[in-house]
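Engineer: Build me a model:
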Amino acid sequence: MFRKPVSIIILSLLVVSALALAFNVQIVRASGTIYIRPDGSIDPPTAPIYTADNITYTLTGNITADTDGIAIERDNIILNGAGYTVQGTGSGTGITLSGRTNVTIQNTTIKAFGYGLDLGALGSSSNNSIVGNDITANNYDGIELLTSSSNSSSSSNRIVGNNINANSGYGLYLGSSSSNSVSGNNITNNGEGIGLYWYSNNNNMSGNDVTANNRNGIYLWSSSGNSIVGNNVTANRYYGLFLDSSSNNSIVGNNVTANNYDGVDLVSSSSGNSIVGNNVTANRYYGLYLVSSSSNSIVGNNVTANGYYGLDLVSSSSNSIDGNDITANSEVGLCLLSSSNYNSIVGNNVTANAIFGIYLYSSDNNRMRGNDVTANKYYGLYLGSSSNYNSIVGNNIAATSGDGLYLDSSSNNSILGNNIAANNYYGLSLGYSSNNSIVGNNVTANGVLGLNLISSSGNTVYHNNFMNNTRQAYSSGSTSVWDDGYPSGGNYWSDYTGLDQKCGPNQDHPGSDEMEDTPYVVDINNQDNYPLMNPWTPPAGHNIAIVSVVSSKIVIFQGFSGNITVYGANKGEYPETFNVTAYANTTSIASAALPLESGSITNITLPWNTTGFAKGNYTISAYAEPVPGETNTTNNNFTGEWVTVSMVGDLTGGTSNPWDFVPDGKVDGKDIAIVALCYGSAPGYPPPYVWNANCDVNGDSKVDGKDIAIVALHYGQAGP
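Structural biologist: Model prediction:
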C-alpha cells in the first residue's frame, strides 16, 4: 500500500533532476579566465562554450569572472554570444583578443569589467569585426583598441551596430589605432563617448549615436585623416566634437546639438580640417569654436540657436568660412578675435543674431564677400580695436536695429559694392577710423544717417549711391575725399537736384557729362566735387570676361573623359556672342560659342578626353576671343586649378588625407576604399551619402559597382 506514494516521490525527484538539467544553461557559472587556445580547444573544457568545427564558438550560458572573462588566442573564428552575458567584478577584461586577425565577436553582453572588450593590449589586432554586442553597465572602458590597425585601408577592424552604454571611462577608446571602421553604434551615457589618441589616423566613424556622455561626445588628440560622417552627437555634458592638435580630418553631415558646452571645438593647431554640412544647433555656449587653428574649411553648416556665439575664431587664421547658415545665436553670429587674420568669409547667411552679425576684434586682412547679414539686433558687421586691411565686398547688410556696418578704430579697410540698407540708425558708421576705401556701395533707406564719420579722416568715398536715407551723410572732426576725380566722378545723392549743363574738370565747358555742375556739400570741410546725376553702375561698352574655370574632377584617368566648365561674363551694355577655348597647359581641349545678354554671367561645359595626354599635372585655363569694339581684354583669360591625368585606378594616396585626391603612382586598397566610401551616392544626395565627382570614375553621375570595378581591375599596378 506504500508503493504509490514512493513512486510519486521518485517521479518527483526525477522531474526535479530533469528540470535542473534543462535549465542548467540559464545558471550563471562562476569561473576564472576562459581561453580559446591557438589549436581551437576551449580551456577549461567545462566552460559554457560550444564549437563543432573550431571556427564558430557559441556561448551556451552566462559567465562570471573574477579577472578576465574570455581570452581569444586563435585567428579566423567567430564568437557568438547568443545573447548571453560575460560579467566581471569591476576589473580585468571581458573579452580580449590581442594580436588577433579575422575574429568576429557578436551578440554578446559584456558587463562590469575594467575593459569590456580589448583589442591590442598585448599586440596589434587587425581585420576583426565587433558586431551587435551590448557592452554596458559599469565597465571602465567599453571597447579599447591599442595599436590596433589594419594592414591596409580596405581591411580594417569593424565596430558596427553595438550598444555601448553606461561605461564609466570611454565608450570607445582608440590609442595609436588607424584605419578602423566605427559605424552604426549607440554610444550613450559613458564617461567619454569616443576618444582617438596618439596618432589614431584614417579611421572612419559614421552613423553613430553619441549621446548624453558625461564628458565629450567625440574627442581627438593628435589624430589626423579621420572621417567623421553622419553621426548624431547630442546632449553630451562637455563638447560635442573636440579636436586637439588634430589635422586633416573630415567632419561631414553630423548632427551636433544641445551639448552642454560647445558643439565643435578645434584647438592647438588643429589645421586642415574639413567641417562641411553639419547641423550645429542649440549648444549651450558656442556652435563652432576655433583657437590657434588655421587653414580649416567650414562650409555649408547650419549653425543656429547656440547660447553665445555661432562661430568664434580666436587667434585662428587662413580659414575658409563659406556658405554657412549662421542664424539666431544668442550673442554673435560670427566672431574673429585676437589676430584671427587672412580668413575667407564668403556667401554665408548671418541672420537674426541677438547682438552682432559679424564681429572682428584686432583681426586683419580678412575677406568678407557675398554674405547676407540681415536682421541682426544691434550691428550687422562690426570691426573694432584696430581691425585693419580687411576686404568687405558685395555683402547684403540690411534690416539691423542699430548700425549696418560699424568701424571702430579700424583703418585701411576696403568696403566695396555692398548693399547697406534699411538699418534703423546708421547704415555705415566710422569712429576713429582712417584711410578706408568706401566705394560702389548702395546705402539706402537708413533711419538716421546713411554714412556717419566721427573723428575719422583720410577716408575715400566715391561711386556710392546714397538714396532715401533720413540724412545722407554726417562728418564731425573728419576730412575725407568724396570723389574719384574727373572723369571718374563721385557719388549719387538722391536728395540733390542739380543741373548737368557743363563738363570738364572745372565744370566750365558746355556739354553734359552725367555729373552735377556744382559740388554736393557734406559740411565745410567735406564735399563731393563731381556728384553723379544717376545711380552709379559699373562701366558699360563692349566688355566680356572669363571669371572662372572649373574641372569636374581633380583626377582624370588616362583615356577617360572629364568636363571643364567655363564661366563667362558680359560686363558691357550689348548682347555678345564670343568664342571660348579651354586649355590644359598650352594644349587646346575644346572650343565653343558662348552667347550672353548684357550684365549676365553664365557657363558652358566643354568635354576633355584625356586620350593622348601624358600622365602628369595640367593647369586648366580658358580664353575668350575679344569682341569688336572691346578695348579692355585683360580679363579675357582666366587660369584655374590644376588637374592630374593619372594611370587608370590611381586616385589617391599621395597625402595622408585621401580626400585630397593626390595620386601616388600605384593602385591599391586606398583607391578602392575612397570610391567605396562614396558608394551609392549621386549629386544632391543628402548625408550620410558622400558624393565626390572624383569617385564617379566612369562619369555617369553616380558612384556604384562599376566605378569600384574599374579601380579594382587595376589593383596592384604601379608606374611612374
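Engineer: The closest residue to Thr444 other than its chain neighbours: neighbour count?
Structural biologist: Spatial nearest neighbour of Thr444, excluding adjacent residues (CB to CB, 6 or more residues apart in numbering): Ala421 at 4.3 Å. Placement of C-beta: from N, CA and C, glycine included. Using other CB atoms under 10 Å, Ala421 has 23 neighbouring residues.
Engineer: can you check the one 3 residues further on too?
Structural biologist: By the other CB under 10 Å criterion, the neighbourhood of Asn424 contains 14 residues.
Engineer: ditto for Asn201
Structural biologist: 23.
Engineer: what do you get for the one 5 residues further on?
Structural biologist: Other residues within reach of Ser206 by the criterion other CB under 10 Å amount to 21.
Engineer: Settle this for me: Val393 is touching Asn418, isn't it.
Structural biologist: Yes - Val393 is in contact with Asn418 according to CB atoms under 8 Å; the separation is 7.2 Å.
Engineer: Setting the sequence-adjacent residues aside, check what's closest to Val667.
Structural biologist: Gly649 (3.7 Å).
Engineer: likewise Asn525?
Structural biologist: Nearest non-adjacent residue to Asn525 (CB to CB, 6+ apart): Thr479, at 4.7 Å.
Engineer: end to end, how far does stretch 705-720 reach?
Structural biologist: 27 Å (CA to CA, to the nearest Å).
Engineer: And for stretch 374-386?
Structural biologist: In stretch 374-386, first residue to last residue: 24 Å (CA to CA).
Engineer: Show me which residues of that stretch are buried.
Structural biologist: If you call a residue buried by 16 or more other CB atoms under 10 Å, then stretch 374-386 has these buried ones: 374-376, 378-384, 386.
Engineer: Quick check: which ranges of this structure have low pLDDT?
Structural biologist: 1-31, 121-123, 148-155, 487, 503-504, 509-513, 539-540, 599-601 (pLDDT under 70).
Engineer: can I see the domain layout of it?
Structural biologist: Listed by automatic domain parsing, the domain ranges of the chain are 27-238, 544-643, 658-712.
Engineer: out of those domains, nearest to Tyr406?
Structural biologist: Proximity to Tyr406 (CB to CB) singles out domain 544-643 among the domains of the chain, at 31.4 Å.
Engineer: before we move on, back to that, show me which of the buried residues of stretch 374-386 is closest to Leu117.
Structural biologist: Using CB to CB, those come closest to Leu117 at Asn376, 49.8 Å.
Engineer: so who does that closest one touch?
Structural biologist: 333, 350-357, 400 (CB atoms under 8 Å, 6 or more residues apart in numbering).
Engineer: burial measure for the residue nearest to Val667, as a count.
Structural biologist: By other CB under 10 Å, 22 other residues sit near Gly649.
Engineer: same question, Leu220
Structural biologist: 30.
Engineer: so it sits in a strand?
Structural biologist: Yes - applying DSSP: H, G, I helix; E, B strand; the rest coil, one finds Leu220 inside a strand.
Engineer: Any idea what it is bridged to?
Structural biologist: Leu196, Leu243 (DSSP bridges).
Engineer: Verify the stated contact: it with Asn248.
Structural biologist: No - with contacts counted by CB under 8 Å, Leu220 stays clear of Asn248, the gap being 11.1 Å.
Engineer: Among the domains of the chain, which comes closest to Met533?
Structural biologist: The nearest among the domains of the chain, by CB to CB, is domain 544-643 at 17.3 Å.
Engineer: Let's see the distance spanning the closest one from one end to the other.
Structural biologist: 26 Å.
Engineer: cool, stretch 391-410 as well?
Structural biologist: The first and last residues of stretch 391-410 sit 12 Å apart, counting by CA to CA.
Engineer: in which helix or strand would I find Lys670?
Structural biologist: helix 669-677 (DSSP states H and E).
Engineer: okay, now the residue nearest to Asn525: neighbour count?
Structural biologist: 14.
Engineer: residues contacting Val643?
Structural biologist: Applying CB under 8 Å, 6+ apart, the residues near Val643 are 551, 553-556, 562, 584, 617-618, 620.
Engineer: typo on my end, it should be Val252
Structural biologist: 227-230, 274-278, 687, 690.
Engineer: switch the cut-off to 7 Å
Structural biologist: 229, 274, 276-277, 687, 690 (CB atoms under 7 Å, 6 or more residues apart in numbering).
Engineer: Might one say that Pro626 is in contact with Asn635?
Structural biologist: No - if you go by CB atoms under 7 Å, Pro626 and Asn635 don't touch, sitting 10.8 Å apart.
Engineer: I'd like the distance from the helix or strand encompassing Val373 to the chain centre, please.
Structural biologist: According to DSSP H and E, Val373 maps onto strand 372-374. Chain-centre distance of strand 372-374: 21 Å, with CA atoms, centre = their mean, to the nearest Å.
Engineer: And the buried residues of stretch 374-386, which is closest to Gly253?
Structural biologist: Thr374 (26.6 Å).
Engineer: if I look at that closest one, how far off is Ile397?
Structural biologist: For Thr374, the distance to Ile397 (CB to CB, to the nearest Å) stands at 7 Å.
Engineer: Quick one: distance of whichever helix or strand comes after the strand holding Val373 to the chain centre.
Structural biologist: Counting by DSSP H and E, the next helix or strand C-terminal to strand 372-374 is strand 379-384. From the chain centre to the centre of strand 379-384 is a distance of 25 Å (CA atoms, centre = their mean).
Engineer: ditto for stretch 629-641
Structural biologist: 33 Å.
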